[in-house]
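Peer 1: Predicted model follows, preceded by the sequence.
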Amino acid sequence: MVGYHIPCEGILVVAARETASSLRADLGDRAGELTWLAPQQVNQLRSRIKPEVLLVEFDGPWALTCLAAWGQRGPVKIALVKDHQAALRALDAGADDVVLAPWTGEQLAVRLQVHRRSGSTVHQVYQGFDAWAMHAPDALVLLDDEGRVQAWNIAAEAVLGHQPRDALGRPFADFVADVPGRDGLVKAITQGTCGEFIAAMSMRHADGRRLECSATVARWSDDNTWQIGLRIEEAPEVEHELMRVASFPELNPTPVFEISGDGELLYMNPAMLDLSHETTEEMVEGVARLKLAADETLVREVHCNGKWYEQHIHHTREWNSIRIYVLDINERKTAELELRQAHEQLERKVIERTHDLQREIEIRREAEERAMAANHAKSAFLATMSHELRTPLNAIIGFSELLREENEESMIVPDLEKILMASHQLLGLINELLDLSKIEAGRLQMHFQVLDVSQLVRDAATTIEPLAHARGNRVEVEVHPSIKTTRSDPTRLRQVVMNLLGNAAKFTHQGVISLRCRPVVDADAFEWIEIAVSDSGIGIPRDKLRTIFDAFVQVDSSATREYGGTGLGLAICHKLCAMLGGSITVASTLGKGSTFTVRVPMVLPE
């Protein structure tokens, strides 16, 4: 932008420095060179400057002086205004055109293009389209002979939503809805072949919706240039009463009626007339008593003449009437009542059953507490009595052995042997009872240490061989070479293995007893030491396998009579294996033998 001291034949901007700089930046190179002149310098330099276009910031009394300074034959005078009232004052003061704030470079560029293309001033373009037309209540649009918008008044903005600065210079076709025949209609308007009135013309609103309009068309020539004026109106609405009546379909199977705001009955459709007189009268009187606000909607249930109905009520402000749509809900209400009664009955039963269950739970809890107390008492009794019994029994065994040593040639030795055998059997039984009572009472202590599993297994097999050979059995031992040491309780692990070997020797006659030890890895990649004791003895029936590890359980009473025992050994083994971090399982076939498999961890978890 150059200073005011340079003569100007292009665009002269008379405005505050900030406004001029902003316009220069927005316009760029689209308008050519701009010259800025401070308002106080207008009278001093007016005779030296002959601009083509004068842009005046219409702000203060100096703007009126500036517009009057160049007179009617001067440059095209465009006023930059902030509101519609300022636009009226600027036009009255001699402005050829007005541009409403905010002022943009694109907006000004369109105005300048219109001026330069027409070869006349904007004031000439607006001939017959003065300030009154700009602010007329009718939507007015001015086109040139190419169908481009030359003027777009405020009412057109109100109807179509497009602002004048967005419409000027654009083809009128941009504002006509994209419907069949659009291009032909616009061409007819431009060429003057459409007549003076267009009954139906679809326009495109700024928000994208389509408006059905009508238009009055005027076409005139100005200096051999045709101009077209359009007066655009929205299409008239359907007649008021026709819309009201048409909104009530006579064939609607739902009862419908309407009353006035004063409670007077205005309409009933045939379905409403089919209701009884008493029902209709009660409904009308009930709605009339309501105090509804304008455009209020209400949904309610009413009981009329022995039946249930649902009313959808709407107060229409426009017609000052109340519409009511009636639904028969008697069957639904009856079903709801039955359902509610069934629900209440079910709730009562649930409460009663809950009370019974709570009582049963309380009884079971008390029974469990009594059982636990009895079990602890039993365990304490067994532990105490076992100690009390072992003391005299150990004395019997000791004195019997002394008598046997002192009387080796005496006839009483066989009797002493019988006493010793019975005493050892009784001591074993007492020891089992003591172990079981300690386990159940939680008083059995485990002592984990590093042990040689291979040696433990071989020592157990050596210990059991005399008993096995006495019944004509052969003992086979197989230990995998990788089995060496682990961390466990050697006493309890040996007790488990000896119990299993003892049972195998006791229930097998002239057969084979095998003891195998090997490493295994389960599905979770956990490493175990597996000790399996197999025999070819009497076996176990299938129906007894699931209880074989219960306390005081044997295969049958005949086994107790023939082989002796209390049925505590396997129960103790099962509990000891769990305390060692492992498990015990059994597989058996009746008459062919059994295999008991013990697993303990290769590496004891922390």
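Peer 2: That came in fine, so what should we check first?
Peer 1: tell me what the strand or helix carrying S221 is packed against?
Peer 2: Secondary structure assignment for S221, by DSSP states H and E: strand 210-222. Judged by 3 or more Cβ pairs under 8 Å, 6 or more residues apart in numbering; DSSP states H and E, the packing partners of strand 210-222 are helix 154-160, strand 197-204, strand 225-234. All C-beta atoms are positioned from the backbone trio N, CA, C, and that covers glycine.
Peer 1: Strands of the stretch 201-350 of the chain, residue ranges please.
Peer 2: 210-222, 225-234, 256-260, 265-268, 297-304, 307-316, 321-328 (DSSP state E, counting those that start in this stretch).
Peer 1: Save the ones you listed as TSV, and put in mean pLDDT too.
Peer 2: Output for these, formatted as TSV (pLDDT from 0 to 100):
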stretch	mean pLDDT
strand 210-222	86
strand 225-234	88
strand 256-260	89
strand 265-268	85
strand 297-304	91
strand 307-316	91
strand 321-328	90
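Peer 1: what pLDDT, on average, does stretch 148-156 get?
Peer 2: Per-region confidence: stretch 148-156 scores 87 on mean pLDDT.
Peer 1: Return the distance of that stretch from the chain's centre.
Peer 2: Remark: stretch 148-156 is offset 52 Å from the chain centroid, using Cα atoms, centre = their mean, to the nearest Å.
Peer 1: what residues are up against the residue lying closest to F197 once chain neighbours are set aside?
Peer 2: In this structure, F197 finds its nearest non-sequential neighbour in T216, 5.7 Å apart by Cβ to Cβ, 6 or more residues apart in numbering. T216 is in contact with E196, F197, I198, L230, R231, counting by Cβ atoms under 8 Å, 6 or more residues apart in numbering.
Peer 1: now swap in R170 and tell me
Peer 2: Counted by Cβ under 8 Å, 6+ apart, R170 has contacts R148, V149.
Peer 1: Show the pLDDT at it.
Peer 2: In this prediction, R170 has a pLDDT value of 89.
Peer 1: Over to H115?
Peer 2: For H115, the model assigns a pLDDT of 57.
Peer 1: And for A578?
Peer 2: 92.
Peer 1: what's the burial count for it?
Peer 2: A578: 12 surrounding residues under other Cβ atoms under 10 Å.
Peer 1: G286: which of the strands of the stretch 201-350 of the chain is closest?
Peer 2: Nearest to G286, of all the strands of the stretch 201-350 of the chain, is strand 297-304, at 6.2 Å by Cβ to Cβ.
Peer 1: neighbouring contacts of the closest one?
Peer 2: 278-279, 282-283, 286, 290, 292, 308-315, 329, 333.
Peer 1: Show me which of those residues are buried.
Peer 2: Among the contacts of strand 297-304, those classed as buried by neighbour count (16 or more other Cβ atoms under 10 Å) are T279, E282, M283, L290, W308, Y309, Q311, I313, H314, H315, I329, K333.
Peer 1: need the strands for the stretch 451-600 of the chain, in chain order.
Peer 2: Going by DSSP E, counting those that start in this stretch, the stretch 451-600 of the chain shows strands at 474-479, 485-488, 512-521, 527-535, 583-589, 593-601.
Peer 1: just checking, what packs against the shortest one?
Peer 2: Using 3+ Cβ pairs under 8 Å, 6+ apart as the contact test, the elements touching strand 485-488 are strand 449-452, helix 453-470, strand 593-601.
Peer 1: Which positions within it qualify as buried?
Peer 2: Buried-residue list, strand 485-488, by 16+ other Cβ under 10 Å: T486, S488.
Peer 1: again, but for the fourth one
Peer 2: Taking 16+ other Cβ under 10 Å as the neighbour-count basis, strand 527-535 is seen to contain the buried residues W528, I529, E530, I531, A532, V533, S534, D535.
Peer 1: Return the member of these nearest to P164.
Peer 2: The closest of the buried residues of strand 527-535, once distances to P164 are taken by Cβ to Cβ, is W528, at 91.9 Å.
Peer 1: I'd like to know how far the closest one sits from L451.
Peer 2: W528 sits 16 Å away from L451, going by Cβ to Cβ, to the nearest Å.
Peer 1: what's the answer for R317, then?
Peer 2: Taking Cβ to Cβ as the measure, R317 and L451 are separated by 97 Å.
Peer 1: One more: E318?
Peer 2: Taken as Cβ to Cβ, the span from E318 to L451 is 100 Å.
Peer 1: So which residues of the stretch 51-200 of the chain form strands?
Peer 2: 53-57, 76-81, 97-100, 139-144, 149-152, 197-204.
Peer 1: May I have the fourth one exported as CSV, CA atoms only?
Peer 2: Written as CSV, here are the backbone C-alpha positions of strand 139-144 (Å, rounded to 0.1, in the frame of the first residue of the first chain):
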residue,chain,number,x,y,z
ALA,A,139,-37.5,-10.9,-1.1
LEU,A,140,-36.0,-9.1,-4.1
VAL,A,141,-33.2,-10.4,-6.3
LEU,A,142,-31.6,-8.5,-9.3
LEU,A,143,-29.9,-10.5,-12.1
ASP,A,144,-27.8,-9.4,-15.1
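Peer 1: so who does the nearest residue to T486 once chain neighbours are set aside touch?
Peer 2: Closest residue in space to T486, ignoring its immediate chain neighbours: V453 at 5.6 Å, by Cβ to Cβ, 6+ apart. V453 makes contacts with I483, K484, T485, T486, S488, L493, C517, I529, I531, as judged by Cβ under 8 Å, 6+ apart.
Peer 1: which of those lies closest to I396?
Peer 2: Ranked by distance to I396 (Cβ to Cβ), the contacts of V453 are led by L493 at 30.5 Å.
Peer 1: P601: neighbour count?
Peer 2: So P601, with other Cβ under 10 Å, has 16 neighbours.
Peer 1: next one: R348
Peer 2: R348 has 10 nearby residues by other Cβ under 10 Å.
Peer 1: how about the buried ones among the contacts of strand 297-304, which pair is most distant?
Peer 2: Pairwise over these, using Cβ to Cβ, the maximum falls at H315 and K333, 25.9 Å.
Peer 1: would you list the helices and strands packed on strand 210-222 in a markdown table and tack on distance to P61 and mean neighbour count?
Peer 2: Formatted as a markdown table, the helices and strands packed on strand 210-222 follow (distance: least, Cβ to Cβ, whole Å; neighbours: other Cβ atoms under 10 Å):
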| stretch | distance to P61 | mean neighbour count |
| --- | --- | --- |
| helix 154-160 | 26 | 18 |
| strand 197-204 | 42 | 16 |
| strand 225-234 | 35 | 17 |
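Peer 1: With distance to R348 as added columns, please give these in TSV.
Peer 2: Listed next are those as TSV, based on distance: least, Cβ to Cβ, whole Å:
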stretch	distance to R348
helix 154-160	69
strand 197-204	68
strand 225-234	67
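Peer 1: Tell me which of these sits nearest to I363.
Peer 2: Nearest to I363, of these and by Cβ to Cβ, is strand 197-204 at 82.8 Å.
Peer 1: so what does the closest one touch, helix or strand wise?
Peer 2: Partner elements for strand 197-204 (3+ Cβ pairs under 8 Å, 6+ apart): helix 182-191, strand 210-222.
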